[in-house]
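Asks: My questions concern the predicted model and sequence given below.
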Amino acid sequence: MHMRKPIVVGNWKMNGRQAGVNQLIAGLREAAVGLAGVDMAVCPPVIYVPSALSGLGGSPVKVGAQDVSLHGQDGAYTGEVSAAMLADVGCTYVIVGHSERRALYGETDEQVAIKFANAQREGLCPILCVGETLEEREQGVTESIVAHQLDAVLSKAGIGAFDRALIAYEPVWAIGTGRTATPEQAQDVHAFIRARLASHDAGVASRVRIQYGGSMKPENAAELMAMPDIDGGLIGGASLKVNDFMTICRAAGGGA
Ligand code: 13P
């Protein structure tokens with residue numbers, strides 16, 4: 001029995017078109033009725049966030065964004081969307097520091113920490129993604145990589161900020177590869193993350209929810225969720241299908 005309420009979030013990444021998005025949202029809305037014991041959210045491409053917000057209004061499925069600007073003030077930042085704007089339209093969550101943004105757009109730990117702080121300043125709940133590459137795992141530096149990613153946010157925002165945030169451990173080698181971490185591999189890193197936070201504040205560490213992400217599917221969700229420090233999932237590919245996503249949500253909530 002988890003002392004923390006599990007949370008499952010769908011990261012749709014850059015997928016979908018309006019018609020399919022509308023169907024997915026309608027399907028989630030219907031399937032989520034009466035599903036208790038788990039918090040749920042979806043993070044569509046930002047242009048479809050308003051559709052999700054209106055389609056899921058009053059539903060237990062909340063809405064977030066996949067990224068947020070580094071810039072905290074309105075201004076001449078072509079193409080950017082600020083935390084204040086995401087909060088203004090009704091987002092609850094925002095993913096920060098996803099490995100795809102770190103790898104493809106060169107986001108640094110320090111920039112991720114600024115995004116995290118911007119999100120919280122506007123009342124959004126950041127989902128801080130951390131995780132090592134395959135090369136880093138093979139070199140045995142998983143813990144130091146994850147520690148550095150966490151420490152950048154700890155030094156900018158402080159330990160108290162983790163009472164208003166989620167952490168997602170996403171080993172890069174497990175993302176979109178079909179190669180999921182074993183429950184034990186994931187648990188080890190989740191426990192490491194919690195211990196690192198506990199060295200600052202044991203209470204915060206015991207409360208913060210740490211999601212696993214990386215090829216989480218209906219077939220492996222229950223065994224991952226059964227681990228003591230895994231409090232939910234951040235779901236890519238499987239979040240694009242109503243049945244797969246809801247099966248994972250039910251597994252997280254302790255149902256069949
Ligand atoms: P997949 O579930 O497609 O492996 O993606 C995981 C992920 O990156 C979620 O943010």
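Replies: Sure thing, it's come through.

Asks: Specify the local secondary structure of the residue lying farthest from the centre of the chain.
Replies: With Cα atoms, centre = their mean as the measure, the chain has its most outlying C-alpha, relative to the mean C-alpha position, at Ala76: 28.8 Å. The three-state assignment at Ala76 reads coil, by DSSP: H, G, I helix; E, B strand; the rest coil.

Asks: how far away is the closest residue in space to Ala174 that isn't next to it in sequence from the ligand?
Replies: Leaving out its chain neighbours, the residue that sits closest to Ala174 by Cβ to Cβ, 6 or more residues apart in numbering is Gly214, at 2.8 Å. C-beta: built from backbone N, CA, C; applies to glycine. As defined by Cβ to the nearest ligand atom, to the nearest Å, Gly214 lies at a distance of 5 Å from the ligand.

Asks: so Gly214 touches Gly178, yeah?
Replies: No: under the criterion of Cβ atoms under 8 Å, Gly214 lies out of contact with Gly178, with a separation of 9.8 Å.

Asks: how deep is the closest residue to the ligand within the stretch 151-256 of the chain tucked in, by neighbour count?
Replies: Across the stretch 151-256 of the chain, no residue is closer to the ligand than Gly236, which sits at 2.2 Å (Cβ to the nearest ligand atom). A count of neighbours around Gly236, defined by other Cβ atoms under 10 Å, yields 21.

Asks: Might one say that it is in contact with Asn15?
Replies: No: between Gly236 and Asn15 there is no contact, the gap being 9.1 Å when judged by Cβ under 8 Å.

Asks: now the strands for the protein?
Replies: In the chain, strands defined by DSSP state E lie at 7-11, 39-43, 61-65, 93-96, 125-130, 166-169, 209-213, 232-235, listed in chain order.

Asks: most packed of the ones you listed?
Replies: Burial of the strands of the chain is given as mean neighbour count (mean count of other Cβ atoms under 10 Å); strand 232-235 ranks first at a mean of 29.

Asks: Show me what that one packs onto, helices and strands only.
Replies: With contacts taken as 3 or more Cβ pairs under 8 Å, 6 or more residues apart in numbering; DSSP states H and E, strand 232-235 sits against strand 7-11, strand 209-213, helix 218-225, helix 242-252.

Asks: Now stretch 64-77: average pLDDT?
Replies: For stretch 64-77, mean pLDDT rounds to 98.

Asks: At the contact with the ligand, which residues of the stretch 1-150 of the chain appear?
Replies: Counting by Cβ under 6 Å from any ligand atom, the stretch 1-150 of the chain comes close to the ligand at Asn11, His98.

Asks: Okay, helices next: where are they in the stretch 1-150 of the chain?
Replies: Ranges of helices within the stretch 1-150 of the chain are 18-31, 49-55, 83-89, 99-105, 109-121, 134-138, 142-157, based on DSSP state H, counting those that start in this stretch.

Asks: then the second one to CSV, C-alphas only?
Replies: Written as CSV, here are the backbone C-alpha positions of helix 49-55 (Å, rounded to 0.1, in the frame of the first residue of the first chain):
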residue,chain,number,x,y,z
VAL,A,49,-3.8,22.3,-24.7
PRO,A,50,-7.0,24.5,-25.0
SER,A,51,-8.9,21.6,-26.6
ALA,A,52,-7.8,19.3,-23.8
LEU,A,53,-8.8,21.9,-21.2
SER,A,54,-12.2,22.4,-22.6
GLY,A,55,-12.7,18.7,-23.4
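
Asks: Pull out the buried positions in that helix.
Replies: Of the residues in helix 49-55, those scored as buried under the neighbour-count criterion (16 or more other Cβ atoms under 10 Å) are Val49, Ser51, Ala52, Leu53, Gly55.

Asks: got a markdown table for the residues you listed, with distance to Lys241 and pLDDT too?
Replies: Compiled in a markdown table, these are given as follows (distance: Cβ to Cβ, whole Å; pLDDT from 0 to 100):
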| residue | distance to Lys241 | pLDDT |
| --- | --- | --- |
| Val49 | 20 | 98 |
| Ser51 | 18 | 98 |
| Ala52 | 16 | 98 |
| Leu53 | 21 | 98 |
| Gly55 | 17 | 98 |
